[in-house]
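>>> just need the structure, nothing else, for what follows:
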Amino acid sequence: MALDGCGLVCKYILFLFNLIFAVLGFAFLGLGLWMRFSDNTRAIFEIDALNSSTFVLGVILLIALGTVMLVVVTVGDYGACSEKKCALQVFSVLLFILAVAETVVGVLAYARREEVGMRVAEFYNSIYTLYATSGDAGLGVTLMFVHEMLHCCGLTGITILESIQQTCPKPKGFLENIVMPRCPGVIMDFFNNNAPMVMAIFIGTGALLITALVCAITLLKQIKKDLLAAAVRYSAVY
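Below you'll find the predicted structure:
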């Protein structure tokens, strides 16, 4: 089906959006599944008392989010490539729901930033404990990423006493050879001090979803217009 310039631009924007969304979806799903079924973490899910822990809820959220993102990408790619109205309509509805959800989560995260910071700190504590007891390389990479991003070191911050010292960042100054900021405190301060930025990220993601939604609706209208024109030509001939 022939699309005009606007329709083609929207089609390519949807391809790019779905590509980025697919990469993120695979990353979230893969990380969630690895944490769920890894030999070092599988036992956590078999203990009833820990079923409501932040770690378990975080892993379930990663798996659910990755799955939803991949479903949205699949429907969107199918609708854009085959130019199917039904698929694009479903894709548009899913994008709208996700955009609203992103905005609501961003606002709630800002309003309850102290609780969110505590929950994330608890999640870090779980990763720390698991790595300290198992030495799993994947968990070590996760800790190293957090430590480098926030420039902190473990639960105590006392470098020479930390069992996970190898995952800590390079010290800045002489004193940090002895003590660095504690990660749980840094995490909570990060959410308290950067709550507007966190909310802006969620709302910005929602705006990106709205942009993709506008492109999907534009492409959908173009397809309907072309189908109507084809029907008129067919009726004129016969």
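
>>> quick one: contacts of stretch 100-120?
Taking C-beta atoms under 8 Å, 6 or more residues apart in numbering as the criterion, the residues outside stretch 100-120 that touch it are 54, 187-192, 195-196, 198-203, 205-206, 209. C-beta coordinates here come from the backbone N, C-alpha and C atoms, glycine included.

>>> from what I can see P184 touches A121, true?
Yes: with contact defined as C-beta atoms under 8 Å, P184 reaches A121; the gap is 4.2 Å.

>>> follow-up on the earlier one: quick one, which of the contacts of stretch 100-120 are buried?
Those of the contacts of stretch 100-120 that meet the buried threshold are 54, 187-188, 190-191, 195, 198-199, 202-203, 205-206, 209, by 16 or more other C-beta atoms under 10 Å.

>>> would you reformat those as TSV and include distance to M35, pLDDT and secondary structure?
Supplementary listing: those in TSV, determined by distance: C-beta to C-beta, whole Å; pLDDT from 0 to 100; DSSP: H, G, I helix; E, B strand; the rest coil:
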residue	distance to M35	pLDDT	secondary structure
T54	12	67	helix
I187	18	88	helix
M188	22	88	helix
F190	22	84	helix
F191	21	80	helix
A195	26	78	helix
V198	22	75	helix
M199	26	79	helix
F202	23	81	helix
I203	28	83	helix
T205	23	83	helix
G206	27	83	helix
L209	26	86	helix
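
>>> what about the helices in this protein?
Listed in chain order, the helices found in the chain under DSSP state H are 5-37, 54-82, 85-111, 113-134, 137-150, 183-193, 195-237.

>>> so for the fourth one, mean pLDDT?
If you average the pLDDT over helix 113-134, you get 83.

>>> relative to the whole chain's centre, how far out is that helix?
Averaged C-alpha coordinates place helix 113-134 at 18 Å from its chain's average position (C-alpha atoms, centre = their mean, to the nearest Å).

>>> how much does that helix deviate in direction from helix 54-82?
Taking axes from the mean of the first three to the mean of the last three C-alpha atoms, to 10 degrees, helix 113-134 and helix 54-82 form an angle of 100 degrees between their directions.

>>> for the remainder of this discussion, apply numbering that starts at 731.
Got it, first residue is 731 now, which makes that one helix 843-864.
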